[in-house]
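[1] have a look; sequence and predicted model below, questions after that.
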Amino acid sequence: MSDLLDAVALPGREEPAGSSRPGRSPAPFLRYLASKVAAALVSFAVTLVIGFVLFSLMPANPVQSLTRGRPTSAAQMEHLRHQLGLDQPVWHRFLSFVGDTLQGRLGDSWQFQQPVASLIGERLWPTLLLTGTATLLSVVLGLWLGVHSGWRHGSRFDRLTSGISLTLWSVPTFWLAMILLVVLSTGLGPIPSLFPAGGMSDAYSPSGFGHVLDVAHHLVLPCLTMVLVVFAQYVTVMRSSVIDELGNPYLLTARAKGLMDSQVRNRHAAPNALLPSVTVIFLQLGTVVGGAITVETVYSWPGLGFLTYQALQVPDLPLLQGTFIVFSASVILMNLLADVVYRFLDPRVRAQ
């Protein structure tokens with residue numbers, strides 16, 4: 001009885017000062033957020049260790065790789081080792097690397113003779129434009145097709161959608177990009193050349209709105225390639241989630257209330273089936289900064305993916321190290337945001 005009285009607010013009964021009703025206290029959310037932030041920081045620390053080992057310790061002789069094919073004396077090689085800091089103890093190099101990274105200093109590129117941070121900043125916008133547009137189109141198209149395929153699973157529409165999406169998902173990205181480049185850019189038979197072969201804009205691109213149209217014209221092929229490859233995973237996940245929701249009693253209750261089939265699907269089945277897709281969407285958003293190395297390379301799109309390809313040709317170890325850290329940090333950050341958003345969307349997570 002005392003528990004019942006505690007749960008019911010009686011007239012004239014005041015709560016003790018400083019007390020709060022269950023579910024209204026921010027303490028559980030703050031503890032949840034603190035645990036996720038701590039896990040993200042641990043992941044980033046591990047990323048720093050892996051990045052240092054991969055690009056600073058594993059190369060047997062970076063100076064020899066950098067000077068390959070060029071006549072270099074022993075004194076010049078020793079001076080280059082000192083200039084790159086390779087003559088310092090490993091622990092000193094690691095602490096310097098961590099300190100510089102936390103301050104936003106990622107070293108200087110051997111190939112471009114510029115700070116790595118400035119190079120990444122210059123290439124960030126083209127990558128965000130390409131991969132952000134492709135991700136948005138893929139999410140909208142994939143979720144719409146997934147909902148309708150799952151709701152009518154086994155139908156001709158479902159078989160056609162699933163077959164096309166899985167086929168495109170299994171196609172190598174570089175192969176699809178080259179096919180689209182040959183057919184829609186170079187032209188094939190009766191098909192004329194419709195889009196530019198590469199780059200982000202023409203050499204003599206107009207200014208103002210004309211420049212926007214020029215960039216959009218160059219964006220079509222690389223964006224189309226990424227959408228055709230990426231949207232299939234949203235179709236698959238959403239279709240499976242909708243099929244799992246079909247047998248739940250709340251859908252039968254909604255139909256019993258007289259709701260139309262489309263209303264039951266859009267108001268009840270789709271929102272509940274969306275939860276597993278949220279994780280996939282945020283994981284894909286984590287790769288937006290990294291871009292698509294293959295797509296950007298085929299179409300010579302001046303983003304971080306193409307910059308990474310250029311760094312691999314030297315190899316430019318400081319630049320590769322910087323892009324690796326940026327790519328990894330973006331994935332960690334999006335995972336953290338996915339955990340926070342998932343807590344607001346799913347009551348089962350809030351109850352933990």
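    Arrived safely. Numbers count the residues shown, from 1 in each chain.
[2] CA atoms for contacts and neighbours, from now on please.
    Fine.
[3] so what pLDDT did Glu15 get?
    The model reports Glu15 with a pLDDT of 44.
[4] kindly report the same for Arg21.
    With respect to pLDDT, Arg21 has a value of 46.
[5] tell me the buried residues in stretch 295-305?
    295-305 (16 or more other C-alpha atoms under 10 Å).
[6] cool, stretch 235-245 as well?
    Using 16+ other C-alpha under 10 Å as the test for burial, stretch 235-245 gives 235-243, 245.
[7] which helix or strand contains Pro196?
    Pro196 belongs to no helix or strand when assigned by DSSP states H and E.
[8] quick check: phi and psi at it.
    Backbone dihedrals for Pro196, given as degrees, to the nearest 10, come out at phi -60, psi 150.
[9] shouldn't it be in contact with Ser185?
    Yes - assessed by C-alpha atoms under 8 Å, Pro196 is found in contact with Ser185 at 5.7 Å.
[10] where do the helices sit along the stretch 1-150 of the chain?
    Here the stretch 1-150 of the chain has its helices, by DSSP state H, counting those that start in this stretch, at 2-7, 27-52, 62-66, 74-84, 90-102, 116-151.
[11] which stretch in those helices has the least confidence?
    helix 2-7 (a mean of 40).
[12] can I get the helices of the stretch 1-150 of the chain in JSON lines including mean neighbour count?
    Shown next, in JSON lines, are those (neighbours: other C-alpha atoms under 10 Å):
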{"stretch": "helix 2-7", "mean neighbour count": "8"}
{"stretch": "helix 27-52", "mean neighbour count": "15"}
{"stretch": "helix 62-66", "mean neighbour count": "16"}
{"stretch": "helix 74-84", "mean neighbour count": "13"}
{"stretch": "helix 90-102", "mean neighbour count": "13"}
{"stretch": "helix 116-151", "mean neighbour count": "20"}
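[13] distance to Ser162 for those helices - can I get that in JSON lines?
    Putting these into JSON lines (distance: least, C-alpha to C-alpha, whole Å) gives the following:
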{"stretch": "helix 2-7", "distance to Ser162": "51"}
{"stretch": "helix 27-52", "distance to Ser162": "35"}
{"stretch": "helix 62-66", "distance to Ser162": "47"}
{"stretch": "helix 74-84", "distance to Ser162": "52"}
{"stretch": "helix 90-102", "distance to Ser162": "44"}
{"stretch": "helix 116-151", "distance to Ser162": "8"}
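[14] ok, which of these comes nearest Arg343?
    Within the helices of the stretch 1-150 of the chain, the stretch nearest Arg343 is helix 27-52; the backing value is 8.7 Å (C-alpha to C-alpha).
[15] let me see the confidence value for Arg343.
    pLDDT recorded at Arg343 is 77.
[16] thinking again about what came up before, of all the helices of the stretch 1-150 of the chain, which lies closest to Gln284?
    Nearest of the helices of the stretch 1-150 of the chain (C-alpha to C-alpha): helix 116-151, 7.5 Å.
[17] show me what that closest one is packed against.
    helix 156-170, helix 209-245, helix 275-286, helix 304-313, helix 317-345 (3 or more C-alpha pairs under 8 Å, 6 or more residues apart in numbering; DSSP states H and E).
[18] mind running it again at 10 Å?
    Contacts defined by 3 or more C-alpha pairs under 10 Å, 6 or more residues apart in numbering; DSSP states H and E place helix 116-151 against helix 156-170, helix 209-245, helix 261-264, helix 270-273, helix 275-286, helix 293-298, helix 304-313, helix 317-345.
[19] coming back round to it: overlap in contacts of Pro196 and Ser185?
    Shared contacts of Pro196 and Ser185, defined by C-alpha atoms under 10 Å, 6 or more residues apart in numbering, are found at Leu221.
[20] residue ranges with poor pLDDT in the stretch 101-250 of the chain?
    203, 205-206 (pLDDT under 70).
[21] nope, the stretch 251-352 of the chain is what I was after
    Counting by pLDDT under 70, the stretch 251-352 of the chain contains low-confidence ranges at 287-291, 346-352.
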